[in-house]
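Asker: Here is a sequence with its predicted model. Questions after.
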Amino acid sequence: MTRQLPIAGVSIGRAAIRALHAEVMLHPKPGLVSPVDNGAHRDMDIGTFMRSLFALRGYFVAISTATDFPQMQRLGIEAEARMMAATGGVNTHRGAIFSLGLLAAAAGRMTSPTPDAVCMAVAHNWGDALRAMPARASNGTAAIRRHGATGARIHAAEGFPHLRHVVLPAMKAGPVQALFASMAVLEDTNLLHRGGAAGLAHVQSGARAFLAAGGVHAHDWRARAAALHRSCVARNLSPGGSADMLACAMFLRSIC
């Protein structure tokens, strides 16, 4: 009888990088960096993201074979340092290092993963440790404290419910639909940091209007998406949390 083995770390690492590459190459994406423009960002462009991806190649391989949570934390801190060195101090992928890193670690322990099982494995294996983690000083942490938002850490500790129940189902209609589905409901700390409650509400209402009009099934969906993109750029709004969730969904669909 052939013994089933967990997914090879190299395969997980490649899938994670491919997902992040696919996310940044997608267009239109309101307020976000793409090959077309820099969105609402003045400190990064597509080249910055490519340098960051190159620096993170080994991280997802390593974390998929990590033996315990402290090692995972150490690998994440080291990955952030490499990212910052590669981008000249620009935060391109901190959210992905955290969320996608956890999913890669969970997938690395499984023989026949499903998206739900990988997400829930994060909660089962490290939920308590994630809740007990001290809050790090960051823009996202400040937004959580100021607005009472949930944040990525608790979302992960609960098994990524937004990813499981919103983003992954919407992926059936493609990545743009999934991104807008996420933007319509996610309490995105990136948006709260950049635009406060009003900025978050603006993006959520714009995404809901896009979906209500038919989403990517509408004949004029590209024009509608581009209009929200221009509006986000004008207001300096970038839904980075939804971009991270989209990359996570792409990763899970590719390995499951």
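Answerer: Yes, it's here. Numbers count the residues shown, from 1 in each chain.
Asker: mind checking how far the closest residue in space to Gln204 that isn't next to it in sequence is from Pro35?
Answerer: In space, and not counting its chain neighbours, Gln204 is closest to Ala184: 5.7 Å by C-beta to C-beta, 6 or more residues apart in numbering. In short, each C-beta sits where N, CA and C put it, glycine included. Distance, Ala184 to Pro35, using C-beta to C-beta, to the nearest Å: 25 Å.
Asker: And for Met183?
Answerer: 20 Å.
Asker: same deal with Phe69?
Answerer: From Phe69 to Pro35 the distance is 37 Å (C-beta to C-beta).
Asker: same check, this time on Leu192
Answerer: 27 Å.
Asker: just Arg131 next, same as before
Answerer: 38 Å.
Asker: cool, and Ser64?
Answerer: Applying C-beta to C-beta to Ser64 and Pro35 gives a distance of 28 Å.
Asker: do the same with Phe54
Answerer: 16 Å.
Asker: Give me the neighbour count for Pro169.
Answerer: By the criterion of other C-beta atoms under 10 Å, Pro169 has 13 neighbours.
Asker: Would you mind measuring from the residue nearest to Gln204 to Met250?
Answerer: Ala184 is 19 Å from Met250, by C-beta to C-beta.
Asker: So which of the two has more stuff around it?
Answerer: Neighbours were counted for Ala184 and for Met250 using other C-beta under 10 Å; Met250 has more, 24 against 21.
Asker: From Phe210, how far off is the more buried one?
Answerer: 20 Å.
Asker: Repeat that for Thr111.
Answerer: Where Phe210 is concerned, Thr111 sits at a distance of 39 Å (C-beta to C-beta).
Asker: what about the two, which has more around it?
Answerer: Phe210 (25 against 9).
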